[in-house]
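# Let me see the structure of the following:
(2 chains)
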2 protein chains.
Amino acid sequence: MEAKHIGPVELREAWWLLAPDDRVEGFRLLEPADAEEFFFDLVADDQAELVLSLRPGARRIWLRLLPPDDAADLVQAADEEQRELLLGLLDEKTRREVSALLAYEEDDAGGLMSARFARVRPDMSVDEAISYLRKQAISTTELETIYYVYVLDAQQQLLGIASFRELFASPGDRLIRDVMRTEDLVTADAEMDQEALAHRFAESDLLAIPVLDAQGRMQGIVTVDDIVDVVEEEATEDIQKYGGMEALDEPYLRIGLVDLLRKRAGWLAVLFVGELFTASALQGFQSQLDSMTVLALFLPLIISSGGNSGSQASTLVIRAMAVGEVHLRDWWRVARRELTSGVLLGAVLGAIGLIRIAVGHFIGLQPHQHLGLFAATISLSLLGVVLFGTLAGSMLPLLLRRIGLDPASASAPLVATMVDVTGIVIYMSVASLILF
Amino acid sequence: MEAKHIGPVELREAWWLLAPDDRVEGFRLLEPADAEEFFFDLVADDQAELVLSLRPGARRIWLRLLPPDDAADLVQAADEEQRELLLGLLDEKTRREVSALLAYEEDDAGGLMSARFARVRPDMSVDEAISYLRKQAISTTELETIYYVYVLDAQQQLLGIASFRELFASPGDRLIRDVMRTEDLVTADAEMDQEALAHRFAESDLLAIPVLDAQGRMQGIVTVDDIVDVVEEEATEDIQKYGGMEALDEPYLRIGLVDLLRKRAGWLAVLFVGELFTASALQGFQSQLDSMTVLALFLPLIISSGGNSGSQASTLVIRAMAVGEVHLRDWWRVARRELTSGVLLGAVLGAIGLIRIAVGHFIGLQPHQHLGLFAATISLSLLGVVLFGTLAGSMLPLLLRRIGLDPASASAPLVATMVDVTGIVIYMSVASLILF
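I've put the predicted structure just below:
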């Protein structure tokens, strides 16, 4: 009775393409050990979909295999009306833990934490603590990590922390209170944002950080392996916002087309409405354009140079803020840097523009009536537009943070749109002054 | 003899602003324990500068405080001619380790690894292994982590791995060979790129991954705390490239102005030269522009809409490739998605454009001679340009990967420049067909 052979690798490859029924079917055909690994590796959305497609008996088994934090993610990923059903499948103790986790935002420290940490009392001896840990280690699902032990008093206040390594290197009869560290403990509030938490991990090089509630009681730990995912996730969100859309929250190939379009069309429409001002701005200079259409030829060149330099500046500042290198109070240093950069970069592009116009004139491609004046118009406009672009691009993210918005919304397209409108005004004003 | 009180926090705040001499002075004024922590927290560049500014005797002390991987980073950060000097300060054993690390690229697995891992023989008992580890744990600088033990044969080939937790939960008289896992071991080549390595950590949720050389001999381990930094660093590089410049490799506020400008001016000039084609493209339609200057009014609007939609598409695909969601073989699925998205997003913008022109006409702001034909020109051009933008933006990163370049170079400005030139041709061709 040899069943069709399908391995976990093939199933994983084909997963996105399969209909829900085929997924369940493929999953059933896996060897038990493969199935378990496969299930653990799925993202919470897929785990939820899969579990809900199984028979009621099987649902309970698979759900109970998960540690509480992953079970909470699965429940969170299910539709509102099915969450109760899923919670009902858990044993009493886990259900309480999962419910507690669900009370926090998914991307808070509280939503990432596990309550299965090693807690000891300050008056235990090192040997007692080690043998207690050894007992826990044998039932491997009981503790998220044995590498730190947390010393709590009767009110669950965190008194100190000892790494397992420190316990291990201490004489067996010393008391925990004499081994534990009590100073400079790195902790997190349950409501701390996951991005801030990731910075705390990056700074402290710890494997786990304890999470405290508002009353200072220890609620759980967040482990570093969850943080690697968080850092990637946060960078993805920033990059997508920076590309001029809402963050997707789901993998690109998986998100439904309607959701994908909604997240893109919104910003695209906003930017479009912004760009409509370019037409109005240009109309204000209609008479100049009418009498000298050659001005229109260089219009895209000039405004896009401003957009490009603005895009560079905003990228630099957004990222430097995200990794904590630049703060609001640094705005003046940033402005000074970008002022210098803008002048010099504008001069470089102005010089290239000058060469282009001279060459175009002398080879007869685009002869100009007033070569000198025209070249001066283009070069000065480039200087002005690039300078404005770098200043606008660098200050906008700081301004957004100042008024409480996400700096990453100062996207390349948004900066480009701002600079397009202003660039037209700069270009046509310079032209009016010099040429008319 | 109370010295001027300066704490590590104040010094860290002021660090970037201080001249080299003042840094050394500030560092000397720290309490010994603070100084040690402060030194460990500095980036390798600053550590190198500081160590080289100290007296020869003090140099040796501080350099020897560092574990070999950090010492290697410090030596790497120093100027070529001072590396020998620094290496000479190390003890024989560490010098050999550091030299081995320096043989690898800084952003390879080999450059990140530490040689101080726990190695055991397969015929040790669990109790022997634990007491061996306990001895090592006491001299805390000897091992990077005790949480995994690596089972090697006499030729340094990796036979298996046991987590400390597994050892701990096993009967003391069992042999390591019966406890260790030998299947599906997660390892890395010494030459593996750090970005790929970060993915391996994210997938495997391990705390450390062993690094093997080309002959399969174990060389060291990379620990997850180094990877959190790597993930941030790689995201920063991608974001900066995506903003249309070279990756800085240094914090924005710290990099020298000359370096900063070099990294920005190069791409800016390339993009500018690309944009020069917009002038040439427009010149091909000079007669249409001359006879109907109202066409120029809508030019920035139309080409920037293409750039914005292209920026969205390239962001999505670049990031999805960076986190391993989209591969080259998915190109057709991506193209199909973006084809649909492009048509629908183009239709949305086309509709807004239509409304704008109708309103402009009827309130007398911009009355058009041939309202219907003009509106059709704008809407159809928007549809075409947005469609081209999404397709170009989504395919360019895949194309770059295909020919061996970094997909993140398909930056928002580059896509915008491509679309500007094509957008002009699309717009003016549609206008020529409909209006002339």
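
# and the closest residue to residue A:243 other than its chain neighbours, what helix or strand is that in?
If the residues on either side of it in the chain are set aside, residue A:243 comes closest to residue B:315, at 2.6 Å by Cβ to Cβ, 6 or more residues apart in numbering or on different chains. (C-beta placed from N, C-alpha, C; glycine too.) For residue B:315, the host element (DSSP states H and E) is helix B:299-322.

# Can you name the next helix or strand after that helix?
helix B:331-362.

# Tell me which residue lies nearest the centroid of chain A.
For chain A, the residue sitting closest to the mean C-alpha position, by Cα atoms, centre = their mean, is residue A:234 at 1.5 Å.

# Let's verify that one: helix, strand, or coil?
helix (DSSP: H, G, I helix; E, B strand; the rest coil).

# Now do the same contact list for it.
The contact partners of residue A:234, by Cβ atoms under 8 Å, 6 or more residues apart in numbering or on different chains, come to A:194-195, A:198, A:322.

# hmm, try it at 6 Å
Going by Cβ atoms under 6 Å, 6 or more residues apart in numbering or on different chains, residue A:234 touches residue A:195.

# what does the stretch 301-436 of chain A put close to chain B?
Those residues of the stretch 301-436 of chain A that sit near chain B, judged by Cβ under 6 Å from any Cβ of the partner chain, are A:301, A:304-305, A:308, A:311-312, A:315-316, A:319-320, A:323, A:325, A:344-345, A:348-349, A:352, A:356, A:412-413, A:420.

# Apologies, that question was intended for the stretch 101-250 of chain A.
A:134, A:137-138, A:146, A:165, A:168-169, A:201-202, A:205, A:224-225, A:228-229, A:231-232, A:235-236, A:239-240, A:243-245.

# Give me the buried subset of those residues.
When those are checked for burial by 16 or more other Cβ atoms under 10 Å in any protein chain shown, the buried set is A:137, A:146, A:165, A:168-169, A:201-202, A:205, A:224-225, A:228-229, A:231-232, A:235-236, A:239-240, A:243-245.

# Sitting in helices, which of the residues you listed do you find?
A:137, A:165, A:168, A:201-202, A:224-225, A:228-229, A:231-232, A:235-236, A:239-240 (DSSP state H).

# Check chain A for me, the residue farthest from its geometric middle.
Max radial position in chain A (Cα atoms, centre = their mean) goes to residue A:369, at 53.3 Å.

# For my notes, confirm that one occurs in a helix.
No - Residue A:369: not assigned to a helix; according to three-state DSSP it is coil.

# Could I get the contacting residues of it?
With Cβ under 6 Å, 6+ apart, residue A:369 has no contacts at all.

# From residue A:294, how far off is it?
Look at residue A:369 and residue A:294: by Cβ to Cβ, to the nearest Å, they are 9 Å apart.

# mind listing the strands for chain A?
Ranges of strands in chain A, per DSSP state E, are A:118-120, A:148-152, A:158-163, A:188-189, A:208-212, A:218-223.

# Now render those as CSV, adding mean pLDDT.
Converted to CSV, the strands of chain A look like this (pLDDT from 0 to 100):
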stretch, mean pLDDT
strand A:118-120, 86
strand A:148-152, 91
strand A:158-163, 91
strand A:188-189, 91
strand A:208-212, 92
strand A:218-223, 89
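
# Output the ones you listed as JSON lines; include the columns distance to residue B:385.
Below are the strands of chain A laid out as JSON lines (distance: least, Cβ to Cβ, whole Å):
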{"stretch": "strand A:118-120", "distance to residue B:385": "60"}
{"stretch": "strand A:148-152", "distance to residue B:385": "57"}
{"stretch": "strand A:158-163", "distance to residue B:385": "59"}
{"stretch": "strand A:188-189", "distance to residue B:385": "48"}
{"stretch": "strand A:208-212", "distance to residue B:385": "49"}
{"stretch": "strand A:218-223", "distance to residue B:385": "46"}
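
# Is stretch A:46-64 positioned near chain B?
No - counting by Cβ under 6 Å from any Cβ, chain B is not contacted by stretch A:46-64; separation bottoms out at 13.5 Å.

# before we move on, the earlier item: Throw the strands of chain A into JSON lines and include distance to residue A:399 and mean neighbour count, thanks.
Listed next are the strands of chain A as JSON lines, based on distance: least, Cβ to Cβ, whole Å; neighbours: other Cβ atoms under 10 Å in any protein chain shown:
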{"stretch": "strand A:118-120", "distance to residue A:399": "46", "mean neighbour count": "19"}
{"stretch": "strand A:148-152", "distance to residue A:399": "42", "mean neighbour count": "23"}
{"stretch": "strand A:158-163", "distance to residue A:399": "39", "mean neighbour count": "19"}
{"stretch": "strand A:188-189", "distance to residue A:399": "28", "mean neighbour count": "21"}
{"stretch": "strand A:208-212", "distance to residue A:399": "32", "mean neighbour count": "24"}
{"stretch": "strand A:218-223", "distance to residue A:399": "33", "mean neighbour count": "24"}
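
# so how far is residue A:291 from the residue farthest from the centre of chain A?
On the measure of Cβ to Cβ, residue A:369 and residue A:291 end up 12 Å apart.

# Over to residue A:327?
Using Cβ to Cβ, residue A:327 is found at 50 Å from residue A:291.

# now residue A:198
If you go by Cβ to Cβ, the gap between residue A:198 and residue A:291 works out to 58 Å.

# out of these two, which sits in the more crowded spot?
Taking other Cβ atoms under 10 Å in any protein chain shown, residue A:198 and residue A:291 do not tie; residue A:198 has more neighbours (26 against 11).

# List the contacts of that one.
For residue A:198, counting by Cβ under 6 Å, 6+ apart, the contacting residues are A:227, A:230-231.

# How about the stretch 251-400 of chain A: which residue is closest to chain B?
Closest residue of the stretch 251-400 of chain A to chain B, Cβ to the nearest Cβ: residue A:315 (2.6 Å).

# Test my guess that that residue contacts residue B:243.
Yes - Residue A:315 lies in contact with residue B:243 (Cβ atoms under 6 Å); the separation is 2.6 Å.

# and the residue lying closest to residue A:71 once chain neighbours are set aside, what pLDDT?
Spatial nearest neighbour of residue A:71, chain neighbours left out: residue A:98 (5.2 Å); criterion: Cβ to Cβ, 6+ apart. Per-residue confidence (pLDDT) for residue A:98: 83.

# check contacts around residue A:98.
A:68, A:71-72.

# From those, which shows the smallest pLDDT?
residue A:68 (81).

# Spit out the contact partners of that one.
By Cβ under 6 Å, 6+ apart, the neighbours of residue A:68 are A:94, A:97-98.

# and if we set it to 8 Å?
Listed by Cβ under 8 Å, 6+ apart, the contact set of residue A:68 reads A:94, A:97-98, A:101, A:114-116.

# pLDDT below threshold where in chain A?
A:1-5, A:137-144 (pLDDT under 70).

# And it, what are its domain boundaries?
A:8-104, A:118-237, A:257-435 (automatic domain parsing).

# For these, state which one has the densest average packing.
domain A:257-435 (a mean of 21; mean count of other Cβ atoms under 10 Å in any protein chain shown).

# Can you give me the first-to-last residue distance of that one?
51 Å (Cα to Cα, to the nearest Å).

# List phi and psi for residue A:113.
Torsion angles at residue A:113 (phi, psi; degrees, to the nearest 10) stand at phi -80, psi 160.

# gap between the residue nearest to it when sequence neighbours are not counted and residue B:83?
Nearest non-adjacent residue to residue A:113, counting by Cβ to Cβ, 6+ apart: residue A:220, 3.5 Å away. Residue A:220 sits at a distance of 46 Å from residue B:83 (criterion: Cβ to Cβ).
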